[in-house]
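S.K.: test case, fold it:
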Amino acid sequence: MIRTPTCEGLSDLYLRSTQWRGTAPLFADAGESLSGAESLGASLRLAEAYAAHGAGEGDVVAFLCKSSARHAVAWCAAPLSGRIACNLHVRETSARLGETLAWLDARILVHDADLEAEAAAAVQESGRPITRLSLGGRGSAAIGYEEVISGGRPFDVVAHRPKPTAKAAIILSSGTTGRPKGIVHSQATLLETAKGGQLVFGPVSPHDATILFMQPSFAAWAIIMLPFLGGKAKTYFGQVFTPADFLAAVEREKITMAPLVPTMWRMVFEAEPQKYDLSSLKLATISGEPPAPSDIDKLKRFICPRITAPYLSSEAFTGSPVLAFTEDLSMADKVGSSGKPGVGADARILEPGGTVERAAGESGEILVSGPSLARGYWKDPEETARRFVDGWWRSGDLGRIDADGYVWVEGRIDNIINTGGIKVSSEEVEKAILAHPSVVQCAVIGRKDEKFGHRIEAYVVARVEPPADLEAWLRVQGRLAGFKIPKAFHFVATLPTGPTGKLYRRGLR
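M.R.: Residues are numbered from 1 along each chain as shown. Take a look at the predicted model:
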């Protein structure tokens, strides 16, 4: 076995987890399954190929890949050997990809075989001498996965063991305008992510398996994969999410922990999950945006009795979480909360953009602290200084902490609608509308209005017929103050979502 004296970073953890996983499957997808031993062998040979083709210690290895077992071992090969892994958005234009590659100073671009043309165009747009490595046959790339695995030599990770403070991964924000932010994680913060996930998703043991339909360019991919790697468990990767494919994979792969965002779970609820054998599930998680009480009720009834609702982010990861457990979500007055900070984590509420601490129950900007907090933003010292302050990260989320110490996430500060001089949270109105028995999905936005400044409008997906009484129902039920009730209801077949399945309000605006 390859051994290091201590476990201080992701590189050390990967060595230990893969070797102890042995011949059992560690990474799997619809076409391939790689054991722990196979994953380590592939990663060591890929790491040597990175080094031989110009990626030195501390250089960026970029990935233009869909979710797969091969991508996972190629990604892990970068931090294993002291390189920095960065997943690109596969849907992005070649011009934007080239700009991002140049901004990252990437030395290697790893890509799926069927994305060869897109990868070549991106490298050309970058204007840099970036070496391409294909995850299939070589094709037009300088290196091919299969030849590396069959004939390459392994990287000497013990002789070139990265320091805990070394940069290990860059997570690109999913912004839709301008260059994305690059959130920088170190060897140590990724190790703490794997550890923290044992609370958020666990306990994770070698008997467990999770399912990932998130694409690698989004933080959820690493947030979920790393704790299962640390627990020596299996991760199954899916590429294109549909409720039926998700449910069939949970049944077939004997998944024990299933994570989705609320919008995806609502799609699953409508796909008759009771027709599938979901008995292997021990935990369902719902995160990415605040869940509605109806989401929690349906998860318990149709999916799994044990639920967690973590508040996570690209900057905080799972070692710095706020987390609601099943017991919290079973308390009538705490349904919809995000619970309390996890092990070693902390949270506070300040005035948005300011330094004055809010009292219990008062809304403001959520700040979090914990051992997996990112080290800052790539090539952006000003934004790093503004958002990472004295060990705290300013989230840009609006929320409050109640008298019992529970954190309530009320939405993004920029999702606040200023109507008639009164500020209303889009998420609060959405939760109220989602409580109607005929409503499947809902999105609330502010539309410019001469009288009110902005008027509140709701876009609603109904189960059967559009409920004609929705406005009256909200008033009679007393679920919303009168000024918070939308001025218009639009009944639609679908709502726009982003690549991670989250509601995309900007598409409605």
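S.K.: going forward, measure contacts between C-alpha atoms and count neighbours the same way
M.R.: OK.
S.K.: what is the burial count for Gly202?
M.R.: 18 (other Cα atoms under 10 Å).
S.K.: what of Thr4?
M.R.: By the criterion of other Cα under 10 Å, Thr4 has 15 neighbours.
S.K.: show me the contacts for it.
M.R.: Each residue near Thr4 by Cα atoms under 8 Å, 6 or more residues apart in numbering is listed here: Asp12, Val158.
S.K.: beta partners for the closest residue to His53 other than its chain neighbours?
M.R.: Leaving out its chain neighbours, the residue that sits closest to His53 by Cα to Cα, 6 or more residues apart in numbering is Thr131, at 6.9 Å. Applying DSSP bridges to Thr131 gives these bridge partners: Ile108.
S.K.: contact partners for Thr131?
M.R.: Contacts of Thr131 (Cα under 8 Å, 6+ apart): His53, Gly54, Arg107, Ile108, Leu109, Ala141, Ala142.
S.K.: how distant is stretch 65-80 from the center of its chain?
M.R.: Relative to its chain's centre, stretch 65-80 lies at 16 Å (Cα atoms, centre = their mean, to the nearest Å).
S.K.: could I get the CA-only coordinates of it as PDB?
M.R.: Extracted as PDB, the C-alpha positions of stretch 65-80 are listed here (Å, rounded to 0.1, in the frame of the first residue of the first chain):
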ATOM      1  CA  CYS A  65     -16.900  16.600 -19.100                       C
ATOM      2  CA  LYS A  66     -20.300  15.300 -18.200                       C
ATOM      3  CA  SER A  67     -20.700  13.300 -15.000                       C
ATOM      4  CA  SER A  68     -19.000   9.900 -15.200                       C
ATOM      5  CA  ALA A  69     -16.800   7.500 -13.400                       C
ATOM      6  CA  ARG A  70     -13.800   8.300 -15.700                       C
ATOM      7  CA  HIS A  71     -14.300  12.000 -15.100                       C
ATOM      8  CA  ALA A  72     -14.200  11.400 -11.300                       C
ATOM      9  CA  VAL A  73     -10.900   9.600 -11.400                       C
ATOM     10  CA  ALA A  74      -9.400  12.200 -13.800                       C
ATOM     11  CA  TRP A  75     -10.600  15.000 -11.500                       C
ATOM     12  CA  CYS A  76      -9.200  13.400  -8.400                       C
ATOM     13  CA  ALA A  77      -5.900  12.900 -10.100                       C
ATOM     14  CA  ALA A  78      -5.300  16.700 -10.100                       C
ATOM     15  CA  PRO A  79      -5.500  17.300  -6.300                       C
ATOM     16  CA  LEU A  80      -3.900  13.900  -5.700                       C
END
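S.K.: quick check: pLDDT value at Lys66.
M.R.: On the pLDDT scale, Lys66 is placed at 96.
S.K.: wait, it touches Val90, no?
M.R.: Yes: shown here, Lys66 and Val90 form a contact pair, counting by Cα atoms under 8 Å, at 7.1 Å.
S.K.: more neighbours, these two?
M.R.: Lys66 (26 against 20).
S.K.: identify the residue spatially nearest to that one, adjacent ones excluded.
M.R.: Gln215 (6.0 Å).
S.K.: and that neighbour, what helix or strand is that in?
M.R.: When elements are assigned from DSSP states H and E, Gln215 belongs to no helix and no strand.
S.K.: got the buried residues for stretch 54-63?
M.R.: The neighbour-count check on stretch 54-63 (16 or more other Cα atoms under 10 Å) flags Ala55, Gly56, Glu57, Gly58, Asp59, Val60, Val61, Ala62, Phe63 as buried.
S.K.: what about that stretch, average pLDDT?
M.R.: The model assigns stretch 54-63 a mean pLDDT of 97.
S.K.: what's the end-to-end length of it?
M.R.: 16 Å (Cα to Cα, to the nearest Å).
S.K.: tell me which helix or strand in this protein has the weakest average pLDDT.
M.R.: Counting by mean pLDDT, DSSP states H and E, the weakest-scoring helix or strand in the chain turns out to be helix 505-508, with a mean of 71.
S.K.: check which helices and strands that helix sits against.
M.R.: Packing partners of helix 505-508 (3 or more Cα pairs under 8 Å, 6 or more residues apart in numbering; DSSP states H and E): strand 439-449.
S.K.: tell me the strands beside the strand it packs on, with direction?
M.R.: Strand 439-449 has these strand partners (DSSP bridges): strand 453-462 (antiparallel).
S.K.: looks to me like Phe228 is in a helix.
M.R.: Yes: under DSSP: H, G, I helix; E, B strand; the rest coil, Phe228 falls within a helix.
S.K.: nearest residue to Arg479 in space, ignoring adjacent ones along the chain?
M.R.: Excluding the flanking residues, the one nearest Arg479 by Cα to Cα, 6+ apart is Ala432, at 6.0 Å.
S.K.: what's the longest helix in the protein?
M.R.: In terms of residue count, the longest helix belonging to the chain (DSSP state H) is helix 36-52.
S.K.: what's the next secondary structure element after it?
M.R.: Counting by DSSP H and E, the next helix or strand C-terminal to helix 36-52 is strand 60-64.
S.K.: name the residues that touch that following strand?
M.R.: 50, 55, 75, 78, 83-90, 101, 104-112, 115, 119.
S.K.: hmm, back to that, go through the contacts of Thr131 and say which is closest to Leu503.
M.R.: Minimum distance to Leu503 across the contacts of Thr131 is 30.5 Å, recorded for Leu109 (Cα to Cα).
S.K.: is it true that the closest one touches Leu135?
M.R.: No: contact criterion Cα under 8 Å: Leu109 and Leu135 do not qualify, at 10.5 Å.
S.K.: the two: which is more packed in?
M.R.: Neighbours per residue (other Cα under 10 Å) separate Leu109 from Leu135, with Leu109 holding more: 26 against 23.
S.K.: report pLDDT for the more buried one.
M.R.: With respect to pLDDT, Leu109 scores 98.
S.K.: what sits against it?
M.R.: Val61, Ala62, Phe63, Leu64, Ala119, Ile130, Thr131, Arg132, Leu133.
S.K.: same deal with Gly139?
M.R.: Shown in contact with Gly139 (Cα under 8 Å, 6+ apart): Ala113, Glu116.
S.K.: over to it: give its phi and psi.
M.R.: In terms of degrees, to the nearest 10, the main-chain angles of Gly139 are phi 60, psi -130.
S.K.: please apply the same query to Tyr145.
M.R.: According to degrees, to the nearest 10, Tyr145 has phi -50, psi -50.
S.K.: against Asp469, how distant is it?
M.R.: 59 Å.
S.K.: the more surrounded of the two?
M.R.: Remark: of Tyr145 and Asp469, Tyr145 carries more neighbours, 24 against 9, as counted by other Cα under 10 Å.
S.K.: follow-up on the earlier one: doesn't Ser67 make contact with the residue nearest to Lys66?
M.R.: Yes: Gln215 sits in contact with Ser67 when judged by Cα under 8 Å, with a separation of 5.4 Å.
S.K.: doesn't Ser150 belong to a strand?
M.R.: No: counting by three-state DSSP, Ser150 is not part of a strand but helix.
S.K.: now do the contacts for the closest residue to Thr256 other than its chain neighbours.
M.R.: By the measure of Cα to Cα, 6+ apart, the closest residue to Thr256 outside its immediate chain neighbours is Leu281, 4.0 Å from it. Neighbour list for Leu281: Lys254, Ile255, Thr256, Met257, Ala258, Ile303, Cys304 [criterion: Cα under 8 Å, 6+ apart].
S.K.: contacts only, for the fifth one.
M.R.: Read that as Ala258. Residues in contact with Ala258 (Cα under 8 Å, 6+ apart) are Thr210, Ile211, Val250, Leu281, Leu283, Ala284, Thr285.
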